[in-house]
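S.K.: no sequence on this one, just coordinates:
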């Protein structure tokens with residue numbers, strides 16, 4: 001469902017808690033974390049893990065804002081303040097069962113950094129699922145997750161030390177088929193083609209697809225992106241039953257003059273229904 005151009009869903013929220021940083025010598029390696037935090041339901045654990053990472057860049061998906069289930073907190077702001085970082089937040093959906101007309105609730109994507117963030121914009125995908133759209137026959141209660149809005153990529157430029165990195169923070173559709181998800185991924189790749197080949201690009205998020213094979217893998221190759229985990233993939237969403245072996249649906253991709261090192265899926269972290277991913281982004 002497309003919203004009006006002046007919709008609150010088109011607004012980008014930004015804030016800053018990072019002190020001024022001075023880099024007295026060149027740096028070639030930066031720490032990156034990507035994580036679907038499941039609304040921030042376990043916010044204390046999320047913050048504790050992120051504090052331990054000492055990351056330069058953090059990309060988060062499923063971040064709540066003013067939702068009843070997360071005590072009406074602005075989760076992106078809470079995390080940024082605790083970590084003393086700057087942040088940008090884009091509203092993916094208005095959660096109709098989590099707020100009210102006078103006090104709406106949202107969830108979306110947040111990009112954080114201890115370094116300056118600039119030129120934020122929303123790339124809302126043209127093709128969307130109708131699954132979340134409100135229907136007269138669906139009760140307005142939480143289990144049905146009625147929403148308005150649509151999946152998006154939050155695009156932000158991060159000035160990390162003396163390097164400028166374009167970041168794409170993605171959350172592809174969980175409902176629908178892989179063809180829909182691949183079309184949303186392709187939209188992100190098409191947008192990235194506007195940047196010079198020498199501009200480092202980081203694309204990460206919950207893709208809701210195993211992109212190591214099939215059309216998604218082909219699209220990644222054609223777009224000249226590299227899989228940060230290559231042949232080191234492990235489950236990023238844990239098993240929920242004996243018959244469920246977990247899924248590999250969270251990804252970090254890079255393009256341009258930067259390579260990923262030390263990829264890790266932090267399988268012991270229990271702050272969400274996804275595991276966090278981390279890499280070192282190396283410009284050497």
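M.R.: Arrived safely. Quick caveat, the model's predicted, so the values are computed rather than measured. Numbers count the residues shown, from 1 in each chain.
S.K.: in this protein, where's the longest helix?
M.R.: Looking across the chain with DSSP state H, the single longest helix is helix 178-192.
S.K.: buried residues, that one. List them.
M.R.: 178, 180, 181, 182, 183, 184, 185, 186, 187, 188, 189, 192 (16 or more other C-beta atoms under 10 Å). For every residue, glycine as well, the C-beta is placed using N, CA and C.
S.K.: just the strands in the stretch 101-250 of the chain please.
M.R.: In the stretch 101-250 of the chain, the strands defined using DSSP state E, counting those that start in this stretch lie at 106-113, 117-124, 147-149, 152-160, 163-171, 201-206, 226-227, 250-255.
S.K.: will you turn the ones you listed into JSON lines that also has distance to residue 41?
M.R.: As requested, these are exported to JSON lines (distance: least, C-beta to C-beta, whole Å):
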{"stretch": "strand 106-113", "distance to residue 41": "11"}
{"stretch": "strand 117-124", "distance to residue 41": "24"}
{"stretch": "strand 147-149", "distance to residue 41": "17"}
{"stretch": "strand 152-160", "distance to residue 41": "21"}
{"stretch": "strand 163-171", "distance to residue 41": "16"}
{"stretch": "strand 201-206", "distance to residue 41": "15"}
{"stretch": "strand 226-227", "distance to residue 41": "29"}
{"stretch": "strand 250-255", "distance to residue 41": "17"}
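S.K.: ok, of those, where does mean pLDDT dip lowest?
M.R.: Lowest mean pLDDT of those: strand 147-149, a mean of 92.
S.K.: where does the closest residue to residue 104 other than its chain neighbours sit, in terms of helix or strand?
M.R.: With sequence-adjacent residues excluded and distances taken as C-beta to C-beta, 6 or more residues apart in numbering, residue 104 is closest to residue 94, at 5.4 Å. Using DSSP states H and E, residue 94 sits in strand 86-95.
S.K.: got the angle for that strand vs strand 106-113?
M.R.: Between strand 86-95 and strand 106-113, the angle comes out at 170 degrees (axes from the mean of the first three to the mean of the last three C-alpha atoms, to 10 degrees).
S.K.: paired strands for strand 86-95, with orientation please.
M.R.: Strand pairing for strand 86-95, determined by DSSP bridges: strand 12-16 (antiparallel), strand 106-113 (antiparallel), strand 147-149 (antiparallel).
S.K.: okay if I get those as JSON lines plus mean neighbour count and distance to residue 36?
M.R.: Below are the strands paired with strand 86-95 laid out as JSON lines (neighbours: other C-beta atoms under 10 Å; distance: least, C-beta to C-beta, whole Å):
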{"stretch": "strand 12-16", "mean neighbour count": "16", "distance to residue 36": "19"}
{"stretch": "strand 106-113", "mean neighbour count": "28", "distance to residue 36": "10"}
{"stretch": "strand 147-149", "mean neighbour count": "21", "distance to residue 36": "17"}
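S.K.: quick one, which of the ones you listed is nearest to residue 211?
M.R.: strand 106-113 (18.1 Å; C-beta to C-beta).
S.K.: that closest one vs strand 201-206, what angle?
M.R.: Using the same axes, to 10 degrees: strand 106-113 against strand 201-206 is 140 degrees.
S.K.: a markdown table please, covering the buried residues of helix 178-192 and showing pLDDT and distance to residue 119.
M.R.: A markdown table is the format used below for those (pLDDT from 0 to 100; distance: C-beta to C-beta, whole Å):
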| residue | pLDDT | distance to residue 119 |
| --- | --- | --- |
| 178 | 93 | 31 |
| 180 | 95 | 28 |
| 181 | 96 | 26 |
| 182 | 96 | 27 |
| 183 | 97 | 25 |
| 184 | 97 | 22 |
| 185 | 98 | 22 |
| 186 | 97 | 22 |
| 187 | 98 | 19 |
| 188 | 98 | 16 |
| 189 | 98 | 19 |
| 192 | 98 | 14 |
